[in-house]
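Novice: Prediction below, plus the sequence it came from.
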Amino acid sequence: MAKVRCYFGGVSGRTFKALFCERFGCPDSEYEERALKACLYTHTLCLAPALGLFKSNLFAEDFSFVGHLGRTTEWQKAKLEVLRFQDSNHSGGFLWRFIRTCLRVRASGRKASVLAGKLFAREPDWRGAVANALEEPPVSSTS
């Protein structure tokens, strides 16, 4: 009989926020700002504090995204939040879309997805996960 292992579930039903705060040693009250900084593109992370952009409305969508991400309890749901966030970057007027998509003054969905994968201990290569899940245990031969 095949030994089945699942890599896509949550870690004992804990939220992304709880896992993030535990991993990075931050109190719950600092989660949104620290999670956003962890997911921002590098050039945005350097410019935003200097320009006071964290206080502006420019990152409202990003703060909302990390809030929703923080309530997820498994990698699949986190990935769904990432996809919703990516869709939201294409709404709004021309200037808004240009700033968020072309200049990438926003959080990175890829960084968020990788971080969620690590926190939820997801197998990085899904093909490997499928192969491992279907792997037959060695059969001992008795002669």
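Specialist: Sure, I can see it.
Novice: Please tell me how far residue 68 sits from residue 76.
Specialist: Distance, residue 68 to residue 76, by C-beta to C-beta, to the nearest Å: 14 Å. For the C-beta atoms, the positions are set from N, CA and C on the backbone; glycine is no exception.
Novice: Among the two, which residue is more densely surrounded?
Specialist: Per other C-beta atoms under 10 Å, whichever of residue 68 and residue 76 has more neighbours is residue 68, with 17 against 14.
Novice: tell me which element that one is part of?
Specialist: Taking DSSP states H and E as the definition, residue 68 sits inside helix 60-70.
Novice: and that helix, what does it pack onto?
Specialist: Where contact means 3 or more C-beta pairs under 8 Å, 6 or more residues apart in numbering; DSSP states H and E, helix 60-70 is packed against helix 16-24, helix 31-39, helix 75-88, helix 109-119.
Novice: can you do 7 Å?
Specialist: For helix 60-70, the elements it packs on are helix 16-24, helix 31-39, helix 75-88, judged by 3 or more C-beta pairs under 7 Å, 6 or more residues apart in numbering; DSSP states H and E.
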